[in-house]
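**Student:** Would you be able to build a 3D model of this:
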Amino acid sequence: MDKQQQAAEPMTEQQVSEWVRAQFQKANLFLAEQGVVMDSVAVQESRYLPPFVAIWKINGIDRKSYWAISGDLPTDVMAFGSAANPREALRAFSFRWQAQAQQLIDTGIRDQTGADYVKLLINRAEQLYQLFEADDFWNSQPA
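**Tutor:** All right, here's what the predicted structure looks like:
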């Protein structure tokens, strides 16, 4: 089954729960690799759009807060101060990935893996920006 077919079929509540849990674990592992030990998640400020993206507001034991993103895209993290809310965080990740892709292009792509990664960054950055602009999605989210 390809991704378009999967997207057309709604996920069950159990599948959504499992997906959110898996994305949380993925984000937590990434944070640990970056030297950030999580203390708690600000659930009210986190958003999920399975199976595409989860955006987490993470409070670290260092008393700092972070935005972490995971899903069908690169897992990444940034300081909470980079964005005031989950919507702005998606835009910030989009801009970051566009800049990262351009930097990789400017320095020269040496192999197919690099070319594929640049295409992924550009594609996901565009998708995040479209989601950032989708007023209907944000207006339907809990405050």
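**Student:** Identify all contacting residues around the helix or strand containing residue 118.
**Tutor:** Remark: residue 118 resides in helix 112-133, with elements defined by DSSP states H and E. Contacts of helix 112-133 from elsewhere in the structure, counted by Cβ atoms under 8 Å, 6 or more residues apart in numbering, are 49, 52-53, 73-74, 87-88, 90-91, 93-95, 97-98, 100-101, 104-105, 109, 137. Every C-beta, even on glycine, is put in place using the N, C-alpha and C of the backbone.
**Student:** so which strand or helix has residue 74?
**Tutor:** Counting by DSSP H and E, residue 74 is part of no helix or strand.
**Student:** Can you tell me the centre-most residue of this protein?
**Tutor:** residue 69 (2.8 Å; Cα atoms, centre = their mean).
**Student:** host element of that residue?
**Tutor:** Using DSSP H and E, residue 69 falls within strand 65-71.
**Student:** coming back round to it: and the residue nearest to the centre of the chain, how far is that from residue 10?
**Tutor:** 23 Å (Cβ to Cβ, to the nearest Å).
**Student:** In three-state terms, label the nearest residue to residue 40 once chain neighbours are set aside for me.
**Tutor:** Sequence neighbours aside, residue 59 is the residue nearest to residue 40 in space, at 4.7 Å (criterion: Cβ to Cβ, 6 or more residues apart in numbering). At residue 59, secondary structure determined by DSSP: H, G, I helix; E, B strand; the rest coil is strand.
**Student:** ok, what's across the strand from residue 59?
**Tutor:** Counting by DSSP bridges, residue 59 forms beta bridges with residue 40, residue 65.
**Student:** what residues are up against it?
**Tutor:** 38, 39, 40, 41, 42, 65, 66.
**Student:** now do 6 Å
**Tutor:** 39, 40, 65 (Cβ atoms under 6 Å, 6 or more residues apart in numbering).
**Student:** among those, which ones are buried?
**Tutor:** Buried subset of these (neighbour count, 16 or more other Cβ atoms under 10 Å): residue 65.
**Student:** which one in this protein is furthest away from the centre?
**Tutor:** The centre of the chain is farthest from one residue, residue 110, which by Cα atoms, centre = their mean lies 26.4 Å away.
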